[in-house]
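Asks: pasting a predicted model and its sequence here:
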Amino acid sequence: MTITFRKLTDKAELQELEALEGTIWSGSSVIPLHMTLTVAKFGGLFLGAYDGDRMIGFLYSFPGYTDGELHLCSHMLGFLPEYRKQGLGVRMKWMQREEALLAGYPKITWTYDPLETVNGYLNIAKLGGVVRRYLPDCYGELNDDLNRGLPTDRFLVEWFIASDRVERHRAGQPRRPDTAGVPEVLSCDLSGELPRPRDIRPDCSGERLLLPVPAHFQAVKQADMGAAAAWREATRTLFTRYFEQGYVVTDLLRDQSVVRYVLEKRPVEDILRG
């Protein structure tokens, strides 16, 4: 199987994108053709993944302007089910970086649920994104299988695409922070079948901190919605608190039951230089 990627610009390609969106997500999530055509003409970026002549994945992004800074907002990425978990999303994100640099964007942003650690590992540990902002109930109530029953809290990922940090991640040579002896700001009960949050520590200090979350949050939701809600509440409190104090999420440490976010209290400029 040879998958190719290309930038989408003409009407026929964007019509194909519209059909694929409805297949991957739902008809209610489809961006109308008149919108995609307009966005593509004025600074947006659409990428398609192809198996032969068939589009099997896409990435949609549009221009943003926040706090006086231009950036590219990466809003939607998806593949047909049979093409998932093959590293295609990573390849598409690196192509997005190349195209964004050519277009003059210094940064790409997007959101994800901090309790969905597969996404977190991609966004931070593999791509080199950083997080310093927590968005409570970002999209309001959503009734799809992934989001139903909980507030749609999100991290805002900042991908500084021209930085040394991101270039090192692209080369497969990231610099991992030393986490030996680093305190954890949340204790977990790992004695049962599901990890559960126990005590939160909102007043820790130090150059680095660790914040554990479940490694398999959807399994927690399916087994015990009360436990899932407790994880949402505890992590919302802690991430919000430590971001307010100037901490930045810079890495993840994976374990069998939990994944630990690494928070560093350093200027983001220093983090981007390594």
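Replies: Yes, it's here.

Asks: in the chain, which spans are strands?
Replies: 3-7, 45-51, 54-66, 69-79, 108-112, 130-135, 154-159, 186-189, 196-200, 208-214, 248-254, 258-264 (DSSP state E).

Asks: quick one: contacts of the shortest one?
Replies: The reference is to strand 186-189. 195-201, 211-212, 234-235, 238, 257-258 (Cβ atoms under 8 Å, 6 or more residues apart in numbering). Using the backbone N, CA and C atoms, a C-beta is placed for each residue, glycine as well.

Asks: among the residues you listed, name the buried ones.
Replies: 195-197, 200, 211-212, 234-235, 238, 258 (16 or more other Cβ atoms under 10 Å).

Asks: adding mean pLDDT and distance to residue 88, write the strands of the chain out as CSV.
Replies: Shown next, in CSV, are the strands of the chain (pLDDT from 0 to 100; distance: least, Cβ to Cβ, whole Å):
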stretch, mean pLDDT, distance to residue 88
strand 3-7, 96, 6
strand 45-51, 97, 6
strand 54-66, 96, 6
strand 69-79, 94, 6
strand 108-112, 97, 17
strand 130-135, 98, 24
strand 154-159, 98, 18
strand 186-189, 94, 33
strand 196-200, 95, 34
strand 208-214, 98, 25
strand 248-254, 97, 21
strand 258-264, 97, 22
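
Asks: to residue 141, which of the ones you listed lies closest?
Replies: strand 154-159 (13.8 Å; Cβ to Cβ).

Asks: residues near residue 185, how many?
Replies: 26 (other Cβ atoms under 10 Å).

Asks: before we move on, the earlier item: now for the strands of the chain, which one comes closest to residue 229?
Replies: Across the strands of the chain, closest to residue 229 is strand 196-200 (Cβ to Cβ), at 10.3 Å.

Asks: can you list the strands that the closest one pairs with?
Replies: strand 186-189 (antiparallel) (DSSP bridges).

Asks: circling back: ok, of the buried ones among the contacts of strand 186-189, which one's closest to residue 177?
Replies: Looking across the buried ones among the contacts of strand 186-189 and measuring by Cβ to Cβ, the closest to residue 177 is residue 211, at 13.6 Å.

Asks: got a list of what the closest one touches?
Replies: 184-186, 235, 238-239, 242, 260-261, 263.

Asks: can you select the buried ones among those for me in PyMOL?
Replies: Buried subset of the contacts of residue 211, written as a PyMOL selection, criterion 16+ other Cβ under 10 Å:
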select buried, resi 185+186+235+238+239+242+260+261+263
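
Asks: picking up where we left off before, now distance to residue 74 too, for the contacts of strand 186-189, in a markdown table please.
Replies: Formatted as a markdown table, the contacts of strand 186-189 follow (distance: Cβ to Cβ, whole Å):
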| residue | distance to residue 74 |
| --- | --- |
| 195 | 30 |
| 196 | 33 |
| 197 | 30 |
| 198 | 35 |
| 199 | 36 |
| 200 | 31 |
| 201 | 33 |
| 211 | 24 |
| 212 | 27 |
| 234 | 28 |
| 235 | 23 |
| 238 | 26 |
| 257 | 30 |
| 258 | 27 |
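
Asks: from those residues, which is closest to residue 25?
Replies: Once Cβ to Cβ is applied, the member of the contacts of strand 186-189 that ends up nearest residue 25 is residue 235, at 25.9 Å.

Asks: touching, that closest one and residue 214? I think so.
Replies: No: shown here, residue 235 and residue 214 do not form a contact pair, counting by Cβ atoms under 8 Å, at 9.7 Å.

Asks: so what sits against both of the two?
Replies: residue 115.

Asks: partner residues bridging the residue nearest in space to the middle of the chain?
Replies: Centroid-nearest residue in the chain: residue 112, 4.2 Å away (criterion: Cα atoms, centre = their mean). When assigned by DSSP bridges, residue 112 has beta-bridge partners residue 155.
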